[in-house]
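Participant: For reference, the sequence and a predicted model appear below.
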Amino acid sequence: MTNNWTAADIADQRGRIAVVTGANSGIGFFAARDLARAGARVVLAVRNAEKGAEAARAIQAAVPNAKIEVGSLDLASLDSVRRFAEWFQREHGALDLLINNAGTMAFSPRRETADGFELSFGTNYLGHFALTGLLLALMEAREDPRIVTISGAFHRMGRINFDDLQGERRYGRWRAYAQSKLATLLFAFELDRRLRAAGSTVRSLAAHPGYAATNIQFAAATSRLDRFFGKIGSNRLFAQSAEMGALPILYAATYPGLEGGAHIGPGRLFEARRYPKPAGSSAAARDGETARRLWNVSEQLTGVPFQIAAGALQTPEVPPEQVQAGETPGV
Ligand SMILES: NC(=O)c1ccc[n+]([C@@H]2O[C@H](COP(=O)([O-])OP(=O)(O)OC[C@H]3O[C@@H](n4cnc5c(N)ncnc54)[C@H](OP(=O)(O)O)[C@@H]3O)[C@@H](O)[C@H]2O)c1
């Protein structure tokens, strides 16, 4: 592992195509920019077209020869996830890097996605579960294809509450966020085990940004008190920059020879700051039994069964009725 690895060390990404979810803001923006700088064609998968266009312009200004596209993806709607996957398959037909980055924090009171899932579980975890299942087959024939799923220190406080996954009986904003982050990490590790068992060349890795000053604390703020704590929390005295926070994600996505199942985070101050290093994970995140159970429930909830056959991967067809004629999620 290289010490003090930076975006300048990213291996040549020319000829590769990447999808970065939530690429209009924070860590996703810098991950997208630096992949583009290394030569990758990058699709900014965002829910707000204007914010997406603005981010694309900012990347283009910083990297004049960047190959950037904006695609419409709302992870809080399975219909939107299916339409994005269908559009991407039609437009590109192949994928090298999938960065499952977008995230929403802890809302109070409880909110739901379009499909009735608790918002952070539905967005951070189930939306990315479905997206990955729908795009996986496009990665199989590529060279060094990788899926990087963003975890977070909150996973250590998480518990998968199978009796009340959507927090309908008992909801706590931080409990919900922590469950969603534990679920993303369980998913990244379980996907790695399944890909290996199938003899796939696709690698599943996880990464977290440490503690980075982004928009996430503000996006979930519903009161002045929330905004006050958001300002303190995102203060650079405590948090590192979003640009630094993107490094572990970029490292997981591009460092040559990195094994599937790796978990990368900042190397200093209890994984809150500085350059990428292998990160720790809780025993709960490594629990294969919980991961299998969660996987089965997630297939049922999303209606996206991963078809991982020995030596080959097949992605389920996007149901034709999910795609409106003439509609394109590219924006
Ligand atoms: N910042 C930290 O210290 C920290 C620590 C640990 C983990 N993380 C993780 O890092 C990831 C990136 O967060 P960030 O800190 O960079 O926050 P951010 O600046 O708020 O970025 C979050 C991104 O996710 C997008 N998003 C939210 N809900 C979405 C949805 N339903 N569909 C599509 N996109 C959606 C946001 O879009 P809009 O702009 O439209 O809202 C935004 O682009 C998240 O997974 C977060 O859990 C962050």
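Facilitator: Nice, thanks for sending it over.
Participant: hang on, Asp34 is in a strand, isn't it?
Facilitator: No: per DSSP: H, G, I helix; E, B strand; the rest coil, Asp34 lies outside any strand segment and is helix.
Participant: nearest residue to it other than its sequence neighbours?
Facilitator: Spatial nearest neighbour of Asp34, excluding adjacent residues (Cβ to Cβ, 6 or more residues apart in numbering): Ala7 at 4.2 Å. To be clear about C-beta, it is placed using only N, CA and C from the backbone, and glycine gets the same treatment.
Participant: Model confidence score at Gln217, please.
Facilitator: Listed pLDDT for Gln217 reads 71.
Participant: Test my guess that it contacts Met105.
Facilitator: Yes: counting by Cβ atoms under 8 Å, Gln217 does reach Met105; the two are 6.7 Å apart.
Participant: Looking at the two, which has the bigger crowd around it?
Facilitator: Met105 (25 against 19; other Cβ atoms under 10 Å).
Participant: Just say helix, strand or coil for that one.
Facilitator: With three-state DSSP as the basis, Met105 sits in coil.
Participant: And the helices in this structure?
Facilitator: Applying DSSP state H to the chain gives helices spanning 26-37, 49-62, 78-91, 119-120, 128-135, 173-197, 216-219, 224-233, 242-245, 247-254, 288-302.
Participant: and those helices as TSV, adding distance to the ligand?
Facilitator: Output for these, formatted as TSV (distance: least, Cβ to the nearest ligand atom, whole Å):
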stretch	distance to the ligand
helix 26-37	2
helix 49-62	5
helix 78-91	8
helix 119-120	8
helix 128-135	9
helix 173-197	6
helix 216-219	3
helix 224-233	8
helix 242-245	6
helix 247-254	8
helix 288-302	14
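Participant: quick one: which of these has the weakest pLDDT on average?
Facilitator: Averaging pLDDT over each of those puts helix 224-233 lowest, since it has a mean of 61.
Participant: center of the chain, which residue is that?
Facilitator: Centroid-nearest residue in the chain: Asn100, 1.6 Å away (criterion: Cα atoms, centre = their mean).
Participant: how about that one, what does it touch?
Facilitator: Thr21, His128, Leu131, Thr132, Ile147, Val148, Thr149, Ile150, Thr184 (Cβ atoms under 8 Å, 6 or more residues apart in numbering).
Participant: Reformat those as a markdown table; add neighbour count.
Facilitator: Listed next are the contacts of Asn100 as a markdown table, based on neighbours: other Cβ atoms under 10 Å:
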| residue | neighbour count |
| --- | --- |
| Thr21 | 27 |
| His128 | 27 |
| Leu131 | 28 |
| Thr132 | 24 |
| Ile147 | 29 |
| Val148 | 29 |
| Thr149 | 30 |
| Ile150 | 28 |
| Thr184 | 26 |
